[in-house]
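*Asks:* pasting the sequence and the predicted coordinates here, then a few questions.
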Amino acid sequence: MSKPLATLRDDARRVAINHGDRMSLNVIQPNCRVQFTAEDVEFILSVLGARTGTAECLVKLLAEEDTRDLIMDDEALFRALLEQRGCLRISTHLYFYVLVRHVFKRSGIDDRLVADYVAEVLAEFSRTERTRCVVPGQSGPLDYFFEMLAALQTADDHTRFYIRAHIGNHSLFLSGVFPERIRYRAEQKGFPDLKYYEELGRANYRVASDHRLARKYDLAPIFNTLADRFQATRLALNDLTDRLLSLGDPDLPMNRLFGARGLAG
């Protein structure tokens, strides 16, 4: 089984914007649907059973785009992820793609690439260091939006594209996963509200979609959709967070989304 799975994972695109000897800026790509592990195959078999045949048959089905998408769209996988109480030894890619795909479909966002991209954002941002914006010419990571916006003024063309995409991704992540925290901080401390995050994310996805690198990396249609439907995608992620929190740990959305499920990474 290892060879077919490795072949699938080799199909995943990792795009890096090169800056000579200085550094590379990794641009998130919609890769979740081609990064399956042996544990993912075992989980899918445990849920869908005879419908997919043997493990070897399932790997072959996952290698074909049409059959892979039909398998990932099966409602039973979505329910199993929501209802599973124990530790799930599956990849973050499978976990987030199935969850995001199903809540997006229910919100009328039917483009699988958009779901795949947002799932990859969640998978990447499950590692704290990926939430930080690290760019050439800066003494340290840019942790605040005002720092990222200021950096746009002196950044080169490649770096501006990366920053715009990161602002869009980070705005969606925060407003999608932590809406109550944003509401609380806005009401109690005068911090930016959800409307600010929506406008910031929408505007930066829009600018990023018009960039030549978005076209080069086939990200322009995805960014356009996220710009057009930022609020809908944010609300769909809010719904997902609510569904997971209803299972317990009401004060720990990160644990339920990123840690408590025992994801393989």
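*Replies:* That came through, no problem.
*Asks:* in this structure residue 36 contacts residue 95, no?
*Replies:* No - using CB atoms under 8 Å, residue 36 is not in contact with residue 95, being 11.6 Å away. C-beta coordinates here come from the backbone N, C-alpha and C atoms, glycine included.
*Asks:* ok, which stretches of this protein are strands?
*Replies:* 15-18, 24-27 (DSSP state E).
*Asks:* rank those strands by mean pLDDT and give me the bottom one.
*Replies:* Least confident of these, judged by mean pLDDT, is strand 15-18 with a mean of 60.
*Asks:* now find how far off-centre the lengthiest helix in the chain is within its chain.
*Replies:* Secondary structure of the chain per DSSP state H: the longest helix is helix 157-177. Centroid displacement of helix 157-177 relative to its chain, using CA atoms, centre = their mean, to the nearest Å, is 12 Å.
*Asks:* in that helix, what counts as buried?
*Replies:* Neighbour-count burial for helix 157-177, counted by 16 or more other CB atoms under 10 Å, picks out 158-177.
*Asks:* where does this structure have low pLDDT?
*Replies:* Within the chain, the stretches with pLDDT under 70 are 1-24, 85-86, 129, 246-265.
*Asks:* residue farthest from the centroid of it?
*Replies:* Distance from the C-alpha centroid of the chain peaks at residue 50, with 30.3 Å (CA atoms, centre = their mean).
*Asks:* from memory residue 179 sits against residue 238, does it?
*Replies:* Yes - Residue 179 lies in contact with residue 238 (CB under 8 Å); the separation is 5.2 Å.
*Asks:* and the gap between residue 197 and residue 173?
*Replies:* 10 Å (CB to CB, to the nearest Å).
*Asks:* count the neighbours of residue 225 for me.
*Replies:* A count of nearby residues for residue 225, using other CB atoms under 10 Å, gives 19.
*Asks:* swap in residue 100?
*Replies:* Using other CB under 10 Å, residue 100 is surrounded by 27 other residues.
*Asks:* OK, contacts around it?
*Replies:* 115, 118-119, 122, 236-237, 240 (CB atoms under 8 Å, 6 or more residues apart in numbering).
*Asks:* apart from its neighbours in sequence, what residue is nearest it?
*Replies:* Nearest residue to residue 100, sequence neighbours excluded (CB to CB, 6 or more residues apart in numbering): residue 119, at 4.4 Å.
*Asks:* for residue 125, see how far away that neighbour is.
*Replies:* To residue 125, residue 119 is 11 Å away according to CB to CB.
*Asks:* again, but for residue 142
*Replies:* Counting by CB to CB, the gap from residue 142 to residue 125 is 15 Å.
*Asks:* tell me which of the two has more neighbours.
*Replies:* For residue 142 versus residue 125, neighbours defined as other CB under 10 Å are more numerous around residue 125 (22 against 19).
*Asks:* need the contact list for the more buried one.
*Replies:* Each residue near residue 125 by CB under 8 Å, 6+ apart is listed here: 131, 169-170, 173.
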